[in-house]
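In: Fold the following.
(chains A and B)
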Amino acid sequence: MNLSLWSLKAGQRCEILGYDQQLADNYRTRMMEFGFHPGETVSCVQSLAFGAPKVYRVSNTIYSLDEEVASHLQVRLLAAHE
Amino acid sequence: MSKIILIGSPNSGKSLLFNRMTGLHHKVANFPGITVDVGLGRMRSMPDVELVDFPGTYSLQAISAEEQVAVEHFERALDDAEVSHVLCVIDATRLEKSLYFTLQVIRDCERHGKPVTVLANMVDVLDNHKLVLDFTALAKELETPVFPVSARSGKGLEALVSHLQASSTVAREAPRARLLDSPDVLLRGTAHQLAHRYGAKGDILIRTQTRLDSFFLSSLSGGVAFFVIMYLLFQSIFTWSAPAMDAVEALLGLMADQVVPRISNQVGRDFTSDALFGGIGAFLVFVPQIFVLTFIIGLLEDSGYMARAALICHKPLRLFGLTGKSFIPMLSGVACAIPAIYAARAIDSPRKRLLTYMAIPLMPCSARLPVYTLLIAAFIPSGTALGGLVGWQGLAMFGIYFFGMFTGLVVTGLVSRTSKDHYTDLPFVLELPPYRVPGLVPLLRNAWNRAKHFVTKAGKIIFTVTLVIWVLGYFPNYGADLGTSWLGFLGHIVEPLFAPLGLDWRYAVAILTSFLAREVFVGTLGTIFGIEAADENMTPLVQQIQASDLSIGSGLALLVFFAIALQCVSTLAILAKESESRTLALKMFVAYLLLAYAAALAIFHLAGLLGG
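Out: Next up, the predicted model:
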């Protein structure tokens, strides 16, 4: 099932499928520079209260993303064995 | 002199490497038009070479106006004949975020015919986890020398210096055609593949970080830790700085006692005592506060906690157009706007930094405290309610503090929603760096540099304004009577402006002098009412004000006026320097003056309607 990165809960992993058209090109470029490539595995490390930015891990780097960015990344939820 | 450029992504340990290679003897310069620091320093092991430390950036493909200036500056530097080499620093523990930028740097250096060497920093962390990466194979893939180094331990730096010395005498190789014409999109793909092939596998490197984050970012323990850390920060500004501030004041007083009696001429004596020592003392007293705050903020940044604090505060501040990174500068502003404006440097988005600059002067700084104390004592009854739990004066103090902070947020909220400026805003994507034990020496050096910047840059402006106000208050009657001085004359001229607030010329003069620093208001009123040392013992002055037929409406209007008006010449000077815009400082001064006047007028009339 396709979801947005923002919908991930803490402890869940996903594979990035791509970006929607609403995210500006420069934002998309910067996200790819950070390692959020299509095909990359990302895990949600922490989901804070009150809609605060969530914490994600990509490779060995931890990033915090706001909803206005994370909601534009389309992802596929990965099962535990994947 | 030959130059070597040091460039790298944020959190790659570049600054520590720069400090180690230059022995910390560097000066700080700014890019024209924006506030981005470039460090300059002679290399310790190659004294005829200057190392140029560029600001950390994730990419050479700029996505904001500020990044564009930094990138253009780098491209210009590549055309500089004096630049002999480029060192690209990457974080060896996290190749994924560094290699794309590295490939861009290699490509652009090849285009400009500059040799480049990659420094894979933080190999000490790899060693600690017994991880071995194949840097030789990576160097072959990049067709560029890669040196594993540790800025923290100094490992690998000797080999690097030998390489740099040798490369200065060896003829340049021909540029590589493969990279020369590579578009960014191809470099991104290559970087991604290389990072997967050569980067550290597994989660061993971030286990500690994840454990600490689960404490510092959890709703309960994270919230408690946040309040404890912020409390300590606040204490450092107010309490820990106080002995040093008192010492500066005492030292200046001691010097004045030694110097002033030796001057025979009365005007010279008054000038030295009031304008010279008084003027210098008025701003030198802030130096310890700036030093302590810069040190603590550096500690939070270098330890990795600052990014977590920004994350915690981001959501509520976003409602007002700000970012989580605005929180520390705004909190600092409750003590003093000057270190707070310096602290806003940590905000990478120019628009958010501008909005933070707008909020800072409305934070209830400590200079407002004597004014609030005087006016509240004069106009608010000292009684209590709810069985002594609530004191009216304490409630009034809380109210005026809250009013200032709330006004600051309302202003930024309105400006962010109504203004479209030329800045491109950045999305909130924040790298959470690993937790580290900060180095003491770089922190002290940074705090020292910031304090020095304050004294050398703002000092001239502050002293000039002090001098002008002293001359106006001293002549033509040689300090005998402030009321008949040129300043008093000015007070009578501007009296009609303050009359709608129910204030006469005496309060007009006190307001005029308070533009030097807000707390001067108390001392000036004391002088006018003929009370010695009114700023130390306010009771006689409170009684005089109560006896001067000033209405409660005028008192409340004064409170509101002081809560909003930007009356501090030191703040304006630093604002102009840090924003590189005198126009911004001037616009903020005028806007807050008009807003303060309008709000004061509204409160005066409202109080009148309610019978005050």
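In: Now the residue of the stretch 401-550 of chain B found nearest chain A: closest residue in space, sequence neighbours ignored.
Out: Proximity of the stretch 401-550 of chain B to chain A (CB to the nearest CB) peaks at residue B:428, 3.8 Å away. Yep, even glycine has a C-beta here, placed from its N, CA and C like the rest. Spatial nearest neighbour of residue B:428, chain neighbours left out: residue A:66 (3.8 Å); criterion: CB to CB, 6 or more residues apart in numbering or on different chains.
In: where along the chain do the strands fall?
Out: Using chain A. In chain A, the segments counted as strands under DSSP state E are A:2-4, A:13-19, A:41-46, A:54-58, A:61-65, A:73-78.
In: um, chain B though
Out: B:2-8, B:26-30, B:37-42, B:49-53, B:83-91, B:116-121, B:146-148, B:384-385, B:390-391, B:429-431.
In: I'd like those strands laid out as a markdown table, including mean pLDDT and mean neighbour count.
Out: Listed next are those as a markdown table, based on pLDDT from 0 to 100; neighbours: other CB atoms under 10 Å in any protein chain shown:
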| stretch | mean pLDDT | mean neighbour count |
| --- | --- | --- |
| strand B:2-8 | 92 | 22 |
| strand B:26-30 | 42 | 14 |
| strand B:37-42 | 78 | 18 |
| strand B:49-53 | 90 | 22 |
| strand B:83-91 | 93 | 24 |
| strand B:116-121 | 95 | 25 |
| strand B:146-148 | 96 | 22 |
| strand B:384-385 | 80 | 12 |
| strand B:390-391 | 80 | 14 |
| strand B:429-431 | 84 | 19 |
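In: Now render these as JSON lines, adding distance to residue B:246.
Out: Converted to JSON lines, those look like this (distance: least, CB to CB, whole Å):
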{"stretch": "strand B:2-8", "distance to residue B:246": "41"}
{"stretch": "strand B:26-30", "distance to residue B:246": "29"}
{"stretch": "strand B:37-42", "distance to residue B:246": "32"}
{"stretch": "strand B:49-53", "distance to residue B:246": "37"}
{"stretch": "strand B:83-91", "distance to residue B:246": "43"}
{"stretch": "strand B:116-121", "distance to residue B:246": "43"}
{"stretch": "strand B:146-148", "distance to residue B:246": "50"}
{"stretch": "strand B:384-385", "distance to residue B:246": "33"}
{"stretch": "strand B:390-391", "distance to residue B:246": "28"}
{"stretch": "strand B:429-431", "distance to residue B:246": "39"}
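In: nearest to residue B:369, of those strands?
Out: For these, the distance to residue B:369 is smallest for strand B:390-391, at 16.6 Å, taking CB to CB.
In: Let me see the contact set for residue B:346.
Out: B:297, B:301, B:306, B:325, B:328, B:329 (CB atoms under 8 Å, 6 or more residues apart in numbering or on different chains).
In: sorry, that was for residue A:42
Out: Applying CB under 8 Å, 6+ apart, the residues contacting residue A:42 are A:5, A:8, A:13, A:14, A:15, A:16, A:36, A:56, A:57, A:58, A:75.
In: same check, this time on residue A:18
Out: Residue A:18 neighbours (CB under 8 Å, 6+ apart): A:38, A:73, A:74.
In: Which pLDDT value goes with it?
Out: Note for residue A:18: predicted pLDDT of 94.
In: Apart from its neighbours in sequence, what residue is nearest residue B:17?
Out: residue B:151 (3.8 Å).
In: ugh, typo on my part, it should be residue B:306
Out: Nearest non-adjacent residue to residue B:306 (CB to CB, 6+ apart): residue B:300, at 4.4 Å.
In: So for the residue nearest to residue B:428, what's the pLDDT?
Out: pLDDT, residue A:66: 89.
In: Likewise for the one 3 residues further on?
Out: The model reports residue A:69 with a pLDDT of 91.
In: show me where pLDDT drops low in the stretch 151-300 of chain B?
Out: B:169-178, B:234, B:237-238, B:279-283 (pLDDT under 70).
In: count of residues packed around the residue nearest to residue B:306?
Out: Residues near residue B:300, counting by other CB atoms under 10 Å in any protein chain shown, number 20.
In: Kindly report the same for residue B:316.
Out: 14.
In: Nearest residue to residue B:132 in space, please, no chain neighbours.
Out: Per CB to CB, 6+ apart, closest to residue B:132 is residue B:126, 7.2 Å.
In: Quickly note the distance from that neighbour to residue A:2.
Out: 37 Å (CB to CB, to the nearest Å).
In: model confidence over the longest helix seen in chain A, on average?
Out: Using DSSP state H to define each element, chain A has its longest helix at helix A:25-33. Averaging pLDDT along helix A:25-33 gives 85.
In: again with stretch B:363-380
Out: Stretch B:363-380 comes out at a mean pLDDT of 87.
In: What residues of it count as buried?
Out: Across stretch B:363-380, burial judged by 16 or more other CB atoms under 10 Å in any protein chain shown covers B:363-365, B:367-368, B:370-372, B:374-380.
In: What about those residues, which are in helices?
Out: Per DSSP H, the buried residues of stretch B:363-380 map to helices at B:368, B:370, B:371, B:372, B:374, B:375, B:376, B:377, B:378, B:379.
In: The first one: what's it in contact with?
Out: With contacts defined as CB under 8 Å, 6+ apart, residue B:368 is in contact with B:404, B:518, B:519, B:562, B:563.
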